[in-house]
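A.B. asks: this one's sequence-less:
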């Protein structure tokens, strides 16, 4: 059951990423923090794969109109917990980013509400860099 839930969640995330019309070239990079792993951004959609504890995230981000280096967003997370249970979370994103040549450096705070088994809220955070193709 656990592997079926994880597989279904991965398929849903990939379908959403593929179906989003791309207007800009993708950005691919690394993130460290609560989820250390790979971070991909296409337009205003971010997809992350955490490698410490296997996790998948998908977020829709929005820039603040008067402050182009700051953004917020909403999204979801599917993770494999230390007790080998699947965790499903809804989350908000608050971040800052800056572009230097073909690289974007970013930091984010991510309050996450986990919904399965033990309902809880955790404040997670990441930082990283993505390369523009």
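C.D. replies: Yes, it's here. All values reported here derive from a predicted model rather than from experimental measurement.

A.B. asks: can you tell me how far residue 126 is from residue 85?
C.D. replies: Counting by CB to CB, to the nearest Å, the separation of residue 126 from residue 85 is 22 Å. Backbone N, C-alpha and C define where each C-beta goes, glycine included.

A.B. asks: do the same with residue 129
C.D. replies: Residue 129 is 32 Å from residue 85, by CB to CB.

A.B. asks: the more surrounded of those two?
C.D. replies: Neighbour count, other CB atoms under 10 Å: between residue 129 and residue 85, residue 129 has more, with 16 against 13.

A.B. asks: for the host helix or strand of the more buried one, which helices and strands make contact with it?
C.D. replies: In the assignment (DSSP states H and E), residue 129 maps to strand 120-132. Using 3 or more CB pairs under 8 Å, 6 or more residues apart in numbering; DSSP states H and E as the contact test, the elements touching strand 120-132 are strand 27-33, strand 37-42, strand 103-114.

A.B. asks: name the residues that touch that strand?
C.D. replies: Contact partners of strand 120-132, identified using CB atoms under 8 Å, 6 or more residues apart in numbering, comprise 25, 27-36, 39-41, 48, 91, 99, 102-114.

A.B. asks: which residues touch residue 114?
C.D. replies: 87-89, 120-122.

A.B. asks: what do you get if the cut-off is 7 Å, keeping everything else the same?
C.D. replies: Applying CB atoms under 7 Å, 6 or more residues apart in numbering, we find residue 114 in contact with 87, 89, 120, 122.

A.B. asks: quick check: closest non-adjacent residue to it.
C.D. replies: Excluding its sequence neighbours, the residue lying closest to residue 114 (CB to CB, 6 or more residues apart in numbering) is residue 89, at 4.6 Å.

A.B. asks: returning to what we had before: show the buried residues in the contacts of residue 114.
C.D. replies: 87, 89 (16 or more other CB atoms under 10 Å).

A.B. asks: turn the contacts of residue 114 into TSV, columns for pLDDT.
C.D. replies: Listed next are these as TSV, based on pLDDT from 0 to 100:
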residue	pLDDT
87	89
89	93
120	93
122	94
